[in-house]
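1. let's see this in three dimensions:
(one chain, ligands or ions: 1)
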Amino acid sequence: MSKHVVIVGGGIVGCMTAMELVDRGHRVTIVERNQIASQTSGESSWAGGGIVFPLLPWMYSEPVNALTQFGAEKYRQICERLECETNLPTGFHQSGFLILPNFDSQLALSWCEQYQVEVESVKASQFEGISSQDENALWLPKVCQIRPPYLMQALRLWLEQHQVTLLENTELSPLQELGELKEWKTLDGRTISADQFIVTSGAWSFQLLKDVASQLSIKPMRGQILLYQPKNNLNQIVYKDGFYMIPRPDGYLLAGSTLEDVGFDSSTTEQVRVELAAKAEAIMPALKGMPIIKHWSGLRPGTPENLPTISAHPTIKNLYLNTGHFRYGLTMAPASAKLISDLIDGNKPFIDADPYKL
Ligand SMILES: Cc1cc2nc3c(=O)[nH]c(=O)nc-3n(C[C@H](O)[C@H](O)[C@H](O)COP(=O)(O)OP(=O)(O)OC[C@H]3O[C@@H](n4cnc5c(N)ncnc54)[C@H](O)[C@@H]3O)c2cc1C
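-> Take a look at the predicted model:
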């Protein structure tokens with residue numbers, strides 16, 4: 001049965017959830033306090049690097065992998081559809097992923113076998129542009145990337161084309177305890193009604209729900225990224241010791257990122273600029289003396305073990321949560337959208353829903 005679903009927050013998780021619900025025949029409204037597909041105060045989706053894969057997936061639990069591996073497989077199809085139906089680019093590109101030591105190679109190889117991820121043990125010197133002489137690197141040729149601002153713009157247009165109402169510059173007030181949610185007040189005193197509400201408010205979710213979901217453990221974790229435009233770019237994503245570089249097909253190169261517990265402060269800092277530049281130059285010496293074209297940050301919805309909450313609220317009828325995707329919200333969004341939609345529709349969830357319960 002078709003329902004009117006209001007989604008609170010227009011980042012990647014909110015927009016991907018809206019797309020899934022539209023496909024299932026629901027009427028959807030997204031309420032966003034700023035503008036969808038832009039960055040005003042640290043929204044994470046715009047700021048992300050766009051690797052459609054976790055950094056060291058063997059470090060995560062099975063429930064995290066269930067979401068990321070679904071996304072890693074689905075993105076090609078989603079992006080082809082978005083590009084075909086909107087005529088906008090998404091930046092989807094299979095660039096492969098080179099992982100330089102240190103990592104547990106035995107664990108890595110057995111994880112790749114378990115998840116059927118193509119992998120090769122390689123010498124770093126086989127790859128152009130990087131200084132590393134590491135003998136024990138890993139090459140994952142099938143790993144892809146998207147370009148977050150492009151993907152968000154394509155999603156936004158697709159949602160408009162499919163009659164999704166975008167209520168922008170509209171901020172919902174923190175929710176008070178109640179038995180059933182039929183309407184929700186905005187900060188400027190308006191009332192939004194719906195059959196169901198889904199909170200996809202990223203790092204701000206706890207602020208919105210703390211009176212009704214005190215057990216929700218989400219806090220902002222800032223990430224900063226630098227942008228270069230080298231003369232000769234890398235051909236693949238490169239990762240080493242928590243730091244990565246992502247080459248874009250049009251010649252740009254991202255270098256990031258940080259994991260900073262600094263509250264809702266989305267500024268960039270000189271200290272991080274220097275640190276990230278030093279790490280980038282150590283891997284790619286040609287960057288020495290090259291200008292940094294841009295430096296930005298985003299606030300990830302940080303959660304313990306990177307495990308999001310994808311769940312009906314245990315006591316408030318009509319309230320659902322789809323939030324807390326921390327480092328991998330871009331990658332996880334397709335699976336997360338499907339799971340929350342299964343719960344809304346009362347279908348058997350396509351994966352075990354228990355690990356994500358509030
Ligand atoms: C530097 C960096 C690099 C990253 N790289 C990757 C990567 O390579 N791969 C990957 O998979 N993930 C990556 N991520 C993580 C990913 O970006 C996030 O997990 C994801 O964007 C979270 O999406 P979201 O929709 O939950 O949050 P957001 O994009 O932050 O969206 C939440 C939205 O809710 C709105 N909102 C909040 N409160 C209210 C309210 N009261 N009323 C109305 N609207 C409200 C906000 O304005 C915001 O637009 C990266 C993140 C960062 C910061």
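
2. could you look up the SS state of G223?
-> strand (DSSP: H, G, I helix; E, B strand; the rest coil).

3. list the contacts for the nearest residue to it once chain neighbours are set aside?
-> Computed as CB to CB, 6 or more residues apart in numbering, the closest residue to G223 that is not its neighbour in sequence is S257, at 4.0 Å. Where C-beta positions appear, they are placed from N, C-alpha and C, glycine not excepted. By CB atoms under 8 Å, 6 or more residues apart in numbering, the residues touching S257 are 49, 223-225, 243-244, 276.

4. mind putting those into CSV with neighbour count and pLDDT?
-> Compiled in CSV, the contacts of S257 are given as follows (neighbours: other CB atoms under 10 Å; pLDDT from 0 to 100):
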residue, neighbour count, pLDDT
G49, 22, 97
G223, 23, 98
Q224, 24, 98
I225, 22, 98
F243, 20, 98
Y244, 23, 98
L276, 21, 98
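
5. of the residues you listed, list those near the ligand.
-> 49, 223, 225 (CB under 6 Å from any ligand atom).

6. helices along this structure, start to end?
-> With helices called from DSSP state H, the chain shows them at 12-23, 44-47, 62-86, 105-114, 148-161, 205-209, 270-283, 329-345.

7. adding distance to I36, write those out as TSV.
-> Below are those laid out as TSV (distance: least, CB to CB, whole Å):
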stretch	distance to I36
helix 12-23	7
helix 44-47	9
helix 62-86	14
helix 105-114	35
helix 148-161	5
helix 205-209	17
helix 270-283	28
helix 329-345	14
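
8. ramachandran coordinates for the residue nearest to G223?
-> phi -130, psi -170 (degrees, to the nearest 10).

9. check contacts around R190.
-> Neighbouring residues of R190 by CB under 8 Å, 6+ apart: T170.

10. roughly how far apart are it and W184?
-> Distance from R190 to W184, counting by CB to CB, to the nearest Å: 10 Å.

11. P54 now?
-> 33 Å.

12. picking up where we left off before, look up how far the ligand lies from the residue nearest to G223.
-> With the distance defined as CB to the nearest ligand atom, to the nearest Å, S257 ends up 4 Å from the ligand.

13. cool, S45 as well?
-> 3 Å.

14. how about the residue of the stretch 1-150 of the chain found nearest the ligand, phi and psi?
-> Using CB to the nearest ligand atom, the closest approach of the stretch 1-150 of the chain to the ligand is made by G11 at 2.2 Å. Backbone torsions of G11, given as degrees, to the nearest 10, read phi -90, psi -160.

15. any idea how many residues pack against it?
-> When neighbours are defined as other CB atoms under 10 Å, G11 has 29 of them.

16. what's the answer for S45, then?
-> Residues near S45, counting by other CB under 10 Å: 29.

17. show the pLDDT at it.
-> Looking at S45, its pLDDT reads 96.

18. and it, how close does it get to N34?
-> 12 Å.

19. swap in G302?
-> For G302, the distance to N34 - CB to CB - is 20 Å.

20. higher neighbour count, these two?
-> With neighbours defined as other CB under 10 Å, G302 and N34 compare such that G302 has more, 23 against 16.

21. spit out the contact partners of the nearest residue to the more buried one once chain neighbours are set aside.
-> The shortest distance from G302 to any non-neighbouring residue, by CB to CB, 6+ apart, is to M221 (3.5 Å). By CB under 8 Å, 6+ apart, the contact list for M221 reads 203, 259-261, 299-302, 326.

22. ditto for G10
-> 30-32, 36-37, 156, 166, 168.

23. which among those end up buried?
-> Taking 16 or more other CB atoms under 10 Å as the criterion, what is buried in these is 30-32, 36-37, 156, 166.

24. tabulate these in a markdown table, adding columns for pLDDT and distance to A282.
-> What follows is those, written out as a markdown table (pLDDT from 0 to 100; distance: CB to CB, whole Å):
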| residue | pLDDT | distance to A282 |
| --- | --- | --- |
| I30 | 98 | 42 |
| V31 | 98 | 44 |
| E32 | 97 | 39 |
| I36 | 96 | 38 |
| A37 | 94 | 34 |
| R156 | 98 | 38 |
| L166 | 98 | 43 |
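
25. among those residues, which are within reach of the ligand?
-> 31-32.

26. what's opposite K185 in the beta bridge?
-> T191 (DSSP bridges).

27. what about it, neighbour count?
-> That count, for K185 with other CB under 10 Å as the rule, works out to 14.

28. quick one on the thing from earlier: minimum distance to N233: which of the helices of the chain has it?
-> helix 270-283 (12.5 Å; CB to CB).

29. can you list contacts of that closest one?
-> With contacts defined as CB under 8 Å, 6+ apart, helix 270-283 is touched by 100, 130-132, 224-226, 228, 238, 240, 243, 245, 255-258, 260, 287-288, 292, 295.

30. got a list of what Q176 touches?
-> 211-212.

31. quick check: phi and psi on it?
-> phi -100, psi 160.

32. in the stretch 151-300 of the chain, where is pLDDT below threshold?
-> Scanning the stretch 151-300 of the chain for pLDDT under 70 picks out no residues.

33. how about the closest residue to T90 other than its chain neighbours, what does it touch?
-> Spatial nearest neighbour of T90, excluding adjacent residues (CB to CB, 6+ apart): C79 at 4.1 Å. Contact partners of C79, counting by CB under 8 Å, 6+ apart, are 90, 92, 146, 151, 154.

34. cheers, nothing more for now.
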